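Visitor: Model the following, please.
(2 chains)
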Amino acid sequence: MTQYTLASQIAFVHLMSRKKQTFIAALGVTFGISVFIAMIGMMNGINNLLEDLTLSATPHIHMYRDIQRREPSVMQRLLGNTPLIEVHHERPKNEQKKLRNALTMLDYIRKDPDVYGASPLLTAQVFYQYGQHEIGGTIAGVDILEEHKLFGIGDKLIGGNLYDVLTTDNGIIIGSGLAETMQVNVGDKINVTTVTGTRVLLRIVGIVQMGIGAIDNSRSYSTLHTAQRLLQKDKSFITDINIKLRDLYKAKDKSHLYSNLFGYKAEDWETANASILVSFTLRNTITYSVSVALLIVAGFGIYNILNMTIYEKMRDIAILKATGFSGGDVKAIFMIQALSLGLGGAIAGLLVGLLMSYGISKIPFEAKGVINLTSLPMSFSPLYYAIGLVFGLLTTAAAGYLPSRKAGKIDPVEIIRGK
Amino acid sequence: MMKEENDIVLRCSSIVKYFTTPVKFKALNNISFTIQRGEFLSLIGKSGSGKSTLLYVLSTMDTDYEGTLEINNTLLTGKTLNQLSDFRNEHIGFVFQFHFLLPEFSCLKNVMLPALKLGKKSEKEVEHDAYEKLRLLGVADQALKTANTLSGGQQQRVAIARALINNPTIIMGDEPTGNLDKTNSDIVFGIFRELTADYGQTIIAVTHDQDFAQRTDRIIELSDGELLTSNR
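Guide: Numbers count the residues shown, from 1 in each chain, chains lettered A, B, ... in the order given. Down below sits the predicted model:
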């Protein structure tokens, strides 16, 4: 331990005797780390925003009847699987889209301790009548209280009251985009036509903004009962069940379990949002590669400066070795210099990165359409600051290793006699 | 006779050393001698005779030789580099032609460094010792200056103080007065003389200064890698 304190004393004297070089070498690291912090903050801000938007609006498991599910034909069922029989262009049977025993399934699912909640859903394809125009869209018949618990729909209302939908006959909560297009407000009535031709008058009790344009421009919410009436179906007619789990990473396992148990398709969120998850990975990859490139440049700076220092300090190294400092001591002196540059540069980089992140988060950035924004989203997760620090230290350790080893191996006789 | 044995601080036997570049060349041929405690010995010879080469073999910094080397009854041949570093730290003090003081440190710190490396005393004690040595050499008033603000003679005296800090078994000098004028040479010689006479310090110095050599206790002369004389 005392050996290292002595080595660090010498290392610091070396660093302080070349303040300008020290500063510039550390600046390289600072630059690399601060850009890393700002970039990763921005990328993660975007990732988190998208994740929040999609995950808050998507269930962890979505269960529905899959019409693509192929059943063996009658002939095959009778005669077994033989190459003699081939049925081309099979059509599905005229089967109701509903989930059988949906209410029993709901009860069962809700009793699972891993499940946070399960919400029944009945989606009705409709046309919203706007004068002579028809706007295509859907009405989601939901258990509004459960829906609020799972997706926080009540927090996304920009007008009206969530509970009014329960007390108002034929009340709906309309998407904000739709409301804007049709120039309607809470309290107004709109005409809706179903695909089967039924025409119903609905009363707007709320306006909801999910933040995703595609949804806000087409979807409204009503009670299950209203949707069932719209489609002229009975009270047990439910087409989908949305499930949220306490741990969203159990979704894959649970979806397999439910799929096997109930015989319906159960899709987990990762499968449903595969493309978004890929874009997360892509953004992170870009950030890490840019940062690594920057840090490698900074590393070369440190490598150069250390090499130069060692060249200048040949005689000092020789005399240290002559007076009893071992190769390891000398190596430690230069490794400590490299690591101090790394540590100092990285800490400064974290601070500059934090300031940059803060600055970026304050830049006004108006975006409407797919997602609604007023400023760039920014993540300040401490994890990335820790990664930045480790990154900085690793790079400088790598950059310092070769020159330090060279210094440790200097033969004092050669230097002293070489005079 | 027993006492005689115990008082041998350095014994080298059959030292042979080759240089391999540019061509294989025998630099030292079968050198054997012993040094008594408290001896002031000079190593002379023409340039190329191998005197410096021999000194660096004796100093343990050059390990590429045949034969054996013993200092203070410890066999040093075959020890690892780290063991040799520790040994040098404790038992050998160096004075070179150039002072080789570290330019970023004060003279005091330069003197302290080998003792701090040894780690046997606290920093306070080491500082006290260092002042003691600087005072002994008459440069205590320069302690807090950096080396490059001192005159050549003062620098060499600080370097000698550094060599003395761990109370080494042997001080080795490679042309210790080679870069000094007559007055300063005499001062340094006087210091060496005093160290051997009053403190029983053993000193071995390579020199080409005949005058310096004549005044030492014993001269070892080398010629073409062979031991010529070892007069007492």
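Visitor: Tell me who's in contact with the residue nearest the centre of chain B.
Guide: The residue lying closest to the centre of chain B (Cα atoms, centre = their mean) is B:Met172, at 1.0 Å. By Cβ atoms under 8 Å, 6 or more residues apart in numbering or on different chains, the residues touching B:Met172 are B:55, B:58-59, B:92-95, B:203-205. In short, each C-beta sits where N, CA and C put it, glycine included.
Visitor: from those residues, which two are the most distant?
Guide: Farthest-apart pair in the contacts of B:Met172 is B:Leu58 and B:Val95; separation 14.1 Å (Cβ to Cβ).
Visitor: what secondary structure does A:Ala118 sit in?
Guide: strand (DSSP: H, G, I helix; E, B strand; the rest coil).
Visitor: Next up, the contacts around it.
Guide: Counting by Cβ under 8 Å, 6+ apart, A:Ala118 has contacts A:106, A:109-110, A:146, A:241-244.
Visitor: Buried ones among those residues?
Guide: Among the contacts of A:Ala118, the ones that count as buried by 16 or more other Cβ atoms under 10 Å in any protein chain shown are A:106, A:109, A:146, A:241-244.
Visitor: What about those, which are in helices?
Guide: If you go by DSSP state H, the buried ones among the contacts of A:Ala118 have A:106, A:109, A:146 in helices.
Visitor: which one is the closest residue to chain B within chain A nearest to, not counting chain neighbours?
Guide: Residue nearest to chain B within chain A: A:Gly324 (2.3 Å; Cβ to the nearest Cβ). Of all residues not flanking A:Gly324 in the chain, B:Asn89 sits nearest, at 2.3 Å (Cβ to Cβ, 6 or more residues apart in numbering or on different chains).
Visitor: What's the local residue count around that neighbour?
Guide: 22 (other Cβ atoms under 10 Å in any protein chain shown).
Visitor: roughly how far apart are it and B:Leu76?
Guide: Distance of B:Asn89 to B:Leu76, given as Cβ to Cβ, to the nearest Å: 13 Å.
Visitor: what do you get for A:Lys149?
Guide: On the measure of Cβ to Cβ, A:Lys149 and B:Leu76 end up 81 Å apart.
Visitor: hang on, the earlier thing: can you tell me which of the contacts of B:Met172 lies closest to chain A?
Guide: B:Phe94 (5.1 Å).
Visitor: Now that closest one: closest residue in space that isn't a chain neighbour?
Guide: Closest to B:Phe94 by Cβ to Cβ, 6+ apart is A:Ala322, at 5.1 Å.
Visitor: the helices in the stretch 201-350 of chain A, which residues?
Guide: Secondary structure of the stretch 201-350 of chain A by DSSP state H, counting those that start in this stretch: the helices cover A:213-216, A:224-230, A:251-262, A:269-272, A:274-312, A:314-322, A:327-362.
Visitor: most packed of these?
Guide: Burial of these is given as mean neighbour count (mean count of other Cβ atoms under 10 Å in any protein chain shown); helix A:314-322 ranks first at a mean of 24.
Visitor: now for it, which elements pack on it?
Guide: Packing partners of helix A:314-322 (3 or more Cβ pairs under 8 Å, 6 or more residues apart in numbering or on different chains; DSSP states H and E): helix A:327-362, helix A:412-417.
Visitor: Run the chain-centre distance for it.
Guide: Computed by Cα atoms, centre = their mean, to the nearest Å, the chain-centroid distance of helix A:314-322 equals 55 Å.
Visitor: Give me the contact list for that helix.
Guide: Contacts for helix A:314-322 (Cβ under 8 Å, 6+ apart): A:10, A:310, A:327, A:329-330, A:333, A:407, A:410, A:412, A:414-416, B:59, B:61, B:85, B:88, B:94, B:96, B:100-103, B:113.
Visitor: And stretch A:392-404, by the same measure?
Guide: Contacts for stretch A:392-404 (Cβ under 8 Å, 6+ apart): A:29, A:32-33, A:295-296, A:298-303, A:306-307, A:309-310, A:330-335, A:337-339, A:341-343, A:345-346, A:349.
Visitor: What residues of that stretch count as buried?
Guide: For stretch A:392-404, a neighbour-count test (16+ other Cβ under 10 Å) marks A:392-393, A:395-401, A:403-404 as buried.
Visitor: swap in stretch A:56-64?
Guide: A:56, A:58-64.
Visitor: what's the first-to-last distance across it?
Guide: End-to-end distance for stretch A:56-64, by Cα to Cα, to the nearest Å: 19 Å.
Visitor: mean confidence for that stretch?
Guide: Per-residue pLDDT over stretch A:56-64 has a mean of 83.
Visitor: what's next to that stretch, contact-wise?
Guide: Contacts with stretch A:56-64, where a contact means Cβ under 8 Å, 6+ apart, come from A:99, A:105, A:119, A:150-152, A:210, A:212, A:215, A:239-245, A:248, A:251, A:254-255, A:258-259, A:262, A:264-269, A:272-273.
Visitor: Stretch A:305-313 too?
Guide: A:14, A:18, A:21, A:24-25, A:317, A:334, A:337-338, A:399-400, A:403-404, A:406-407, A:410.
Visitor: Would you mind checking which of those is nearest to B:Gly178?
Guide: Nearest member of the contacts of stretch A:305-313 to B:Gly178, counting by Cβ to Cβ, is A:Ile317, at 22.0 Å.
Visitor: Chain neighbours aside, what residue packs nearest to the closest one?
Guide: Looking at A:Ile317 with Cβ to Cβ, 6+ apart, the closest residue is A:Ile410, at 5.1 Å.
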